[in-house]
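Visitor: sequence-free structure coming up:
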């Protein structure tokens, strides 16, 4: 049905880049059908450290070379081309430095420098509910700079313990983060600055998320909570940088990007300092001396072709299949996931629409476990920083597919927008606001039930 075995070309055929993209190992046997297929026919069956970086299971072989071309741009070390970069600041040397093996970045220093914790910045504005960029440092703090230029600063995190107990008396400990900005290179931050720490998110399955019709997302919205279930998800409506139209946001921790192209171009701009046709301005402010120096080259530093190649690559990465879907504990955990109310936001299934240029993405029954809507998560997770129509308390429901392979692929487990949670239970226990009822139901479960629910999450 899926013919995924025919897609596993060896390193001799595709070179080292092909080995990274399509490498396999002892893959788990495919379950019969149904729930295991996270991405419908695009699903791949891989439980190795390469599970997040595989081509769509139903990908036309004619696209393999094009996908590898995009992978080359994604993995490129742009620090070797500092003379062509129009922006002096960055947070990484390339896309792959943050999205380790196409997965989640590493937020803590002891886990390595590949994906530093970054901070989005803004200040309140009378003209915009979402505020405006911080006057000196702009919309994002950068801890890297080209040679001869001082970096903007670094984010430092420290933790205090928050202790609690489940209903059965079992103790738990959470970590409450505190964020500070050190080594500021261009003076003090505004006293009104709003700071939002972020870790990178996995990049597989993005083409499928883009293929979900707006109507399917909006059908789940219940801004006034008319059904009185305590869940009132709503879309973030944001402006397209391509044509100025207002669209439903679906990418980013606060759904502040309406299209994958815009998400990618924005990341090139803010994270890597590379301008493009979509974001032609340098990522520094007039208050910073480097912005007074003309760029080394005229025009965008990222070509339209490079942007298109990266975009195609990201559209063609498959979600991994679920594991152990028929195991009794996993089946029990799935029922508890529903019973506690987790599924109210982590919506299990969508069907993608028609995708003319990549028909492999069309009409797939996908299981990302997200509604792509904003939810008020209460003071427990609030960053206090609005983004588009999202308030300082709201976050987009993150997809859960592939979460059970996070430790295998990224060699660490850090969850939530800032990586504070060290595992599934901690992530649940941080839920407040619309998630508080589910959290309390989870806390009321006995140990065996909690373990079953976590087993379900590990199966995703």
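Guide: Ah, there it is. Computed from a predicted structure; not experimentally measured.
Visitor: state the distance from residue 354 to residue 361.
Guide: Note on residue 354: its distance to residue 361, by Cβ to Cβ, to the nearest Å, is 9 Å. The C-beta positions use only the backbone N, C-alpha and C, and glycine is treated the same way.
Visitor: between those two, which has more neighbouring residues?
Guide: residue 361 (27 against 10; other Cβ atoms under 10 Å).
Visitor: thought the more buried one was touching residue 355?
Guide: Yes - counting by Cβ atoms under 8 Å, residue 355 is a contact partner of residue 361 at 4.2 Å.
Visitor: who touches both of these two?
Guide: 207, 211 (Cβ atoms under 8 Å, 6 or more residues apart in numbering).
Visitor: three-state assignment of residue 176?
Guide: Put simply, residue 176 is strand when judged by DSSP: H, G, I helix; E, B strand; the rest coil.
Visitor: the closest residue to residue 181 other than its chain neighbours: how many residues sit nearby?
Guide: Spatially, and ignoring its direct neighbours in sequence, residue 181 is nearest to residue 153 (5.0 Å; Cβ to Cβ, 6 or more residues apart in numbering). Per other Cβ under 10 Å, the neighbour tally for residue 153 reads 19.
Visitor: so who does the closest residue in space to residue 315 that isn't next to it in sequence touch?
Guide: Residue nearest to residue 315 in three dimensions, not counting chain neighbours: residue 207, with 3.3 Å by Cβ to Cβ, 6+ apart. The contact partners of residue 207, taken as Cβ under 8 Å, 6+ apart, are 56, 260, 314, 315, 316, 317, 355, 358, 361.
Visitor: which residues touch the residue lying closest to the fifth one once chain neighbours are set aside?
Guide: Looking back up the chat, that one is residue 316. Nearest residue to residue 316 in three dimensions, chain neighbours excluded: residue 67, at 4.9 Å (Cβ to Cβ, 6+ apart). For residue 67, the contact set (Cβ under 8 Å, 6+ apart) comprises 21, 55, 59, 312, 313, 316.
Visitor: swap the cut-off to 7 Å and go again
Guide: With contacts defined as Cβ atoms under 7 Å, 6 or more residues apart in numbering, residue 67 is in contact with 21, 55, 312, 313, 316.
Visitor: now find how far off-centre the helix or strand harbouring residue 269 is within its chain.
Guide: Using DSSP states H and E, residue 269 falls within helix 260-272. Centroid separation for helix 260-272 versus its chain: 13 Å, with Cα atoms, centre = their mean, to the nearest Å.
Visitor: next one: stretch 47-57
Guide: Centre to centre, stretch against its chain (Cα atoms, centre = their mean), the figure for stretch 47-57 is 17 Å.
Visitor: same question, stretch 174-183
Guide: Centre to centre, stretch against its chain (Cα atoms, centre = their mean), the figure for stretch 174-183 is 21 Å.
Visitor: kindly report the same for stretch 117-125.
Guide: Put simply, stretch 117-125 sits 18 Å off its chain's centre (Cα atoms, centre = their mean).
Visitor: with stretch 446-460 instead?
Guide: Distance, centroid of stretch 446-460 to centroid of chain: 23 Å (Cα atoms, centre = their mean).
Visitor: can you pull the buried residues of that stretch?
Guide: 449, 450, 452, 453, 454, 455, 456, 457, 458, 459, 460 (16 or more other Cβ atoms under 10 Å).
Visitor: what residues are up against residue 60?
Guide: residue 360.
Visitor: for it, give its distance to residue 392.
Guide: For residue 60 relative to residue 392 (Cβ to Cβ), the value is 44 Å.
Visitor: same check on residue 162?
Guide: 20 Å.
Visitor: go on, residue 398?
Guide: 18 Å.
Visitor: neighbour count winner among residue 162 and residue 392?
Guide: residue 392 (17 against 13).
Visitor: look up the closest residue to that one, ignoring the ones flanking it.
Guide: residue 384 (4.0 Å).
Visitor: burial of that neighbour, as a residue count?
Guide: Using other Cβ under 10 Å as the criterion, the residues surrounding residue 384 number 11.
Visitor: any idea how far it lies from residue 179?
Guide: 11 Å.
Visitor: going along the chain, name the strands of the stretch 151-300 of the chain.
Guide: Listed in chain order, the strands found in the stretch 151-300 of the chain under DSSP state E, counting those that start in this stretch are 154-165, 171-182, 194-198, 237-239, 246-248.
Visitor: dump the ones you listed into CSV; add distance to residue 287 and mean pLDDT as well.
Guide: Output for the strands of the stretch 151-300 of the chain, formatted as CSV (distance: least, Cβ to Cβ, whole Å; pLDDT from 0 to 100):
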stretch, distance to residue 287, mean pLDDT
strand 154-165, 19, 93
strand 171-182, 16, 94
strand 194-198, 18, 95
strand 237-239, 25, 94
strand 246-248, 30, 96
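Visitor: mind listing what's buried in stretch 236-247?
Guide: Per 16+ other Cβ under 10 Å, stretch 236-247 contains these buried residues: 236, 238, 241, 247.
Visitor: which helices and strands does the helix or strand hosting residue 338 pack with?
Guide: Assigned by DSSP H and E, residue 338 belongs to helix 328-339. In this structure, helix 328-339 makes packing contacts with helix 447-459, judged by 3 or more Cβ pairs under 7 Å, 6 or more residues apart in numbering; DSSP states H and E.
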